[in-house]
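Engineer: What follows is a predicted protein model with its sequence.
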Amino acid sequence: MDVVALSRLQFAITSMFHFIFVPLTLGLSILVAFMETRYVRTGNELYKEMTKFWGKLFLINFALGVVTGITLEFQFGMNWAEYSRYVGDIFGAPLAIEATLAFFLESVFIGVWIFGWDKVSKTFHAVSIWIVALATNLSALWILLANGWMQKPVGFVLRNGRAEMVDFMAMVTNPYGLMKFAHTIVSGYVLAGFFVLGVSAWHLLRKNRPDFFGKSFRIGAVFAVAAILMVVLTGDYSAVLVAKHQPAKFAAMESVWETRKGAGINIFVIPDPKRECNLVEGPCIPNLLSYLAFHTPDGEIKGLKAFPVEDRPPVTPTFISFRIMVGLGFLMLLLAAVSLVKSLRGTLERHPLFLRLLVYAIPIPYIANQLGWLVAEVGRQPWIVYGVLRTSDAVSKSINATQVVISLAGFTLLYGFLGFLDVYLLTKYARKGPEQTAPAVVPAAKEV
Amino acid sequence: MELQVTWFVLWGVLWAVYFMLDGFVLGAGMLHRYLGSNEAERRVIINTFGPVWDGNEVWLITAGGATFAAFPTTYALMFSYLYTALLLLLFALIVRGVSFEFRGKLENDRWKGAWDTAIMVCSFLPALLFGVAFGNIFRGLPMDASGYQGSFFFLLNPFGLLTGALFVFLFLVHGALYLSAKTDGDLSDRALATANRLWPFLLVIAAAFLVAAYPATGLYGNYLDTPALLTLPLLAVAALVSIRVFTARNNVLASFAASCVTIVLVVATGVTGLFPNLIPSSLDPAYSLTIFNSSSSQYTLRIMTVVALIFVPIVIAYKVWVYRVFRAKVTTQEVMGDEHAY
């Protein structure tokens, strides 16, 4: 493999690993903030216990999300120097703004939240986790505006041998970036919802603290249902924008080779990129694809053959990732809806099989989130900035394959090890359940 | 003032604040195993910086982000030229951050011992690597028309290593003083004694740095042109000496403040000597990266200036507030009785 392929693999591994932790942070911060707010409002100790139990899991997950984020900022310069030089005038701004506006807030107030239980007022303690939740989501906004710019570059001119920013507001209000932001954060909320559902289900199956986990389950179910509906809505809008701005990606997502009006969606497809057609396709739901893309039944879908071969993304991975993501999305919609109904009816205990299913469903939103990123990033190829700069022209000139092989191996080993430990600790503390908060007489710690 | 100059100043300030703040975490981390003679003391040490280390590290992210946004060409070349050094730095910072969070999660001596070693190594490495990197930037990197002619081992030249040692000892003294100020009793006394023992080494290394910089770098050029600027290194030396003067009077807080000032002035001294270069070329000045030939457009610099003027003061305000909330000394009883502490 050459430096470009190795650097792409390294970016994929490091960013996908980072994104194992980020979605749970995005969603669970809000849930913990909600629980603590209920505690402050009602004084009900159950909510305090919930805040502490889910908060502990939140923190174990949070630690790896934070430290693996630094890698991404550094990597633009380390491996993608030509990219950084060419688009830094416009791409550097959202990253610097993210650090100044969001990352500082998040990391300062997480300290207040962890260590401030006895140092700040009850209300302010709850406010500090809200600040963390807000800052985390604000962080996502700036990062996704940056990514949105790579997908649909706006507000720049090519001048002085690079892309220079001429309209900051265009980047900040880029519909593509805002849509990605919306779709990504609600996907994170779904993931957090399923995490809470799965862990609660595990305890409910074992009859551990039904009061505690029944209530947690309810909160998770409401959150998951609301979020998955938003995922479907934002996903629908994403498809419209992709069809409009990235037609080659759109064609790859559905493996459409021939341009046609009123295109339908084939339920079953096996792409054959070598022969530029589909090996198998059908049965077809007429006009559905045109409708999804343009919200009119006879919109014209450009097929992959309308693009020069060197401008087409890899079809099979884009197509498969997209299909499975959508399938998992609808599966989650079903699971979340059933969870909510059963929870509201109070009949959870009578459905141990369903509870067990929810435990095994914890990985589903993780897989869907990762696949979503594969669609977005693989589907953007061969461009690093759509239509402006090719990935193959973006790599650092001063690094060689040996260096990248070593760093890739290092990241894989280190991340693999830390990921293993994190999952181990999360599982351990998730199984342990909430701490008993009947503080018996604390023996006065006297110095001898 | 030209915006490039404004951003050069801001760039220097971001690095100075980062080293001042993460410097004591790195220093305390290096000393953690040595000063913490039992589990309680080790937990106290980690908890002295527990609430603030993450916020301190963000200054590094911001310094990196500011370099990207304001001087993208420098960002691109600096990060790709220093590939291996930055890789090691990243690994160390990642493991350090995880160590604080994971260490207390299992009641197992081998688990904790392993993380204690990780904290020590992963605090030492960044201190050394930052020093080596800045030493080489001061010295200039071998860059010409065909790009970068160096390698990782090229960076380990005597002046680079000397600057590395300077950073390590600056942070060791800084961290020891911080620990002394934030703890009480025996631990505080031992931390202070350690600072006193380390200080002469720091003085010698700093003197060696000032002397060696003359033949090894072009840093003195600006000072010879404008001798008034020499007040910066002179004040840095004065601050460095006052660290010891204050410890002799048992005024730990004043001594820690002097150490903060020392670090800021050391960075100021280096950066002032560098101006207007960001990375000088050691081969041919025509290929040096300056604030003018590597900067963003005026439009981008203006936008970023507005953002910085609004948000940096806000950040400073709530950071000062947080340091006030956590200003109390950390004690053994407090840490051992707190389920939330690290």
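Structural biologist: Sure, I can see it. Residues are numbered from 1 along each chain as shown, chains lettered A, B, ... in the order given.
Engineer: so where is chain A shaky, pLDDT-wise?
Structural biologist: Across chain A, the ranges flagged by pLDDT under 70 are A:436-448.
Engineer: quick one, strands of it?
Structural biologist: A:156-159, A:162-165, A:260-261, A:265-272, A:277-285, A:300-301, A:383-385, A:389-390 (DSSP state E).
Engineer: ok, now the stretch 201-342 of chain B?
Structural biologist: Taking DSSP state E, counting those that start in this stretch, the strands of the stretch 201-342 of chain B run over residues B:277-279, B:289-290.
Engineer: hang on, the earlier thing: and the strands of chain A as CSV, adding distance to B:V307 and mean neighbour count?
Structural biologist: (Glycine included, C-beta is placed from N, CA and C.) Shown next, in CSV, are the strands of chain A (distance: least, C-beta to C-beta, whole Å; neighbours: other C-beta atoms under 10 Å in any protein chain shown):
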stretch, distance to B:V307, mean neighbour count
strand A:156-159, 18, 14
strand A:162-165, 13, 22
strand A:260-261, 47, 13
strand A:265-272, 44, 16
strand A:277-285, 48, 13
strand A:300-301, 41, 18
strand A:383-385, 23, 22
strand A:389-390, 25, 18
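Engineer: Dump those to JSON lines, plus distance to chain B.
Structural biologist: JSON lines is the format used below for the strands of chain A (distance: least, C-beta to the nearest C-beta, whole Å):
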{"stretch": "strand A:156-159", "distance to chain B": "8"}
{"stretch": "strand A:162-165", "distance to chain B": "5"}
{"stretch": "strand A:260-261", "distance to chain B": "43"}
{"stretch": "strand A:265-272", "distance to chain B": "36"}
{"stretch": "strand A:277-285", "distance to chain B": "42"}
{"stretch": "strand A:300-301", "distance to chain B": "38"}
{"stretch": "strand A:383-385", "distance to chain B": "14"}
{"stretch": "strand A:389-390", "distance to chain B": "13"}
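Engineer: Would you format those strands as JSON lines with distance to A:S216 included?
Structural biologist: Formatted as JSON lines, the strands of chain A follow (distance: least, C-beta to C-beta, whole Å):
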{"stretch": "strand A:156-159", "distance to A:S216": "47"}
{"stretch": "strand A:162-165", "distance to A:S216": "46"}
{"stretch": "strand A:260-261", "distance to A:S216": "50"}
{"stretch": "strand A:265-272", "distance to A:S216": "38"}
{"stretch": "strand A:277-285", "distance to A:S216": "39"}
{"stretch": "strand A:300-301", "distance to A:S216": "45"}
{"stretch": "strand A:383-385", "distance to A:S216": "42"}
{"stretch": "strand A:389-390", "distance to A:S216": "47"}
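Engineer: Make JSON lines out of the strands of the stretch 201-342 of chain B and add distance to chain A and mean pLDDT.
Structural biologist: JSON lines is the format used below for these (distance: least, C-beta to the nearest C-beta, whole Å; pLDDT from 0 to 100):
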{"stretch": "strand B:277-279", "distance to chain A": "13", "mean pLDDT": "93"}
{"stretch": "strand B:289-290", "distance to chain A": "11", "mean pLDDT": "92"}
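Engineer: Pick the most deeply packed of the ones you listed.
Structural biologist: strand B:277-279 (a mean of 24; mean count of other C-beta atoms under 10 Å in any protein chain shown).
Engineer: Provide the strand pairings for that strand, with the direction of each partner.
Structural biologist: Strand B:277-279 sits in its sheet next to strand B:289-290 (antiparallel), going by DSSP bridges.
Engineer: Okay, helices next: where are they in the stretch 201-342 of chain B?
Structural biologist: Applying DSSP state H, counting those that start in this stretch to the stretch 201-342 of chain B gives helices spanning B:220-225, B:231-248, B:252-274, B:298-325, B:332-336.
Engineer: Give me the contact status of the lengthiest helix in chain A with chain B.
Structural biologist: Criterion DSSP state H: the longest helix present in chain A is helix A:3-42. No. Figure legend: helix A:3-42 not in contact with chain B (C-beta under 8 Å from any C-beta of the partner chain); closest approach 9.6 Å.
Engineer: Surely A:F58 and A:M35 touch.
Structural biologist: No. Judged on C-beta atoms under 8 Å, A:F58 makes no contact with A:M35 at a distance of 10.5 Å.
Engineer: what residues do those two have in common as contacts?
Structural biologist: Contact with both A:F58 and A:M35 is made by no residue, according to C-beta atoms under 8 Å, 6 or more residues apart in numbering or on different chains.
Engineer: Could you report the distance from whichever residue of the stretch 251-400 of chain A sits closest to chain B to A:T71?
Structural biologist: Of all residues in the stretch 251-400 of chain A, A:S396 sits closest to chain B, at 3.8 Å by C-beta to the nearest C-beta. Per C-beta to C-beta, to the nearest Å, A:S396 is found 15 Å from A:T71.
Engineer: Comparing the two, which shows the higher neighbour count?
Structural biologist: A:S396 (28 against 24; other C-beta atoms under 10 Å in any protein chain shown).
Engineer: Next, that one: phi, psi?
Structural biologist: phi -60, psi 140 (degrees, to the nearest 10).
Engineer: tell me the contacts of it?
Structural biologist: A:V3, A:S7, A:M78, A:N79, A:W80, A:A81, A:E82, B:A76, B:S80, B:Y83 are the contacts of A:S396 under C-beta under 8 Å, 6+ apart.
Engineer: Mind doing that once more with 7 Å?
Structural biologist: A:M78, A:N79, A:W80, A:A81, A:E82, B:S80 (C-beta atoms under 7 Å, 6 or more residues apart in numbering or on different chains).
Engineer: burial count for A:L357?
Structural biologist: The burial count for A:L357: 15, using other C-beta under 10 Å.
Engineer: right, and B:A191 touches B:Y178 too?
Structural biologist: No. Using C-beta atoms under 7 Å, B:A191 makes no contact with B:Y178, being 8.2 Å away.
Engineer: so how far is A:Y47 from A:R209?
Structural biologist: Counting by C-beta to C-beta - A:R209 and A:Y47 are separated by 14 Å.
Engineer: do A:G416 as well
Structural biologist: Taken as C-beta to C-beta, the span from A:G416 to A:Y47 is 37 Å.
Engineer: Give me the contact list for stretch B:7-16.
Structural biologist: B:59, B:62-63, B:66-67, B:70, B:264, B:267-268, B:271, B:275-276, B:291, B:301, B:308.
Engineer: list the contacts for A:F212?
Structural biologist: A:F212 neighbours (C-beta under 7 Å, 6+ apart): A:L46, A:E49, A:M50, A:P434.
Engineer: which one is the third one nearest to, not counting chain neighbours?
Structural biologist: Nearest in space to A:M50, with sequence neighbours left out and distances taken as C-beta to C-beta, 6 or more residues apart in numbering or on different chains, is A:M35 at 4.5 Å.
Engineer: re the thing from before, who are the packing partners of the longest helix of chain A?
Structural biologist: Packing contacts for helix A:3-42, counted by 3 or more C-beta pairs under 7 Å, 6 or more residues apart in numbering or on different chains; DSSP states H and E, involve helix A:45-79, helix A:122-151, helix A:175-205, helix A:363-378, helix A:401-432.
Engineer: which strands and helices sit next to the longest one?
Structural biologist: Okay, so that is helix A:45-79. Right, helix A:45-79 is packed against helix A:3-42, helix A:81-97, helix A:104-115, helix A:210-245, helix A:401-432, helix B:53-70, helix B:72-81, helix B:83-102 by 3+ C-beta pairs under 7 Å, 6+ apart.
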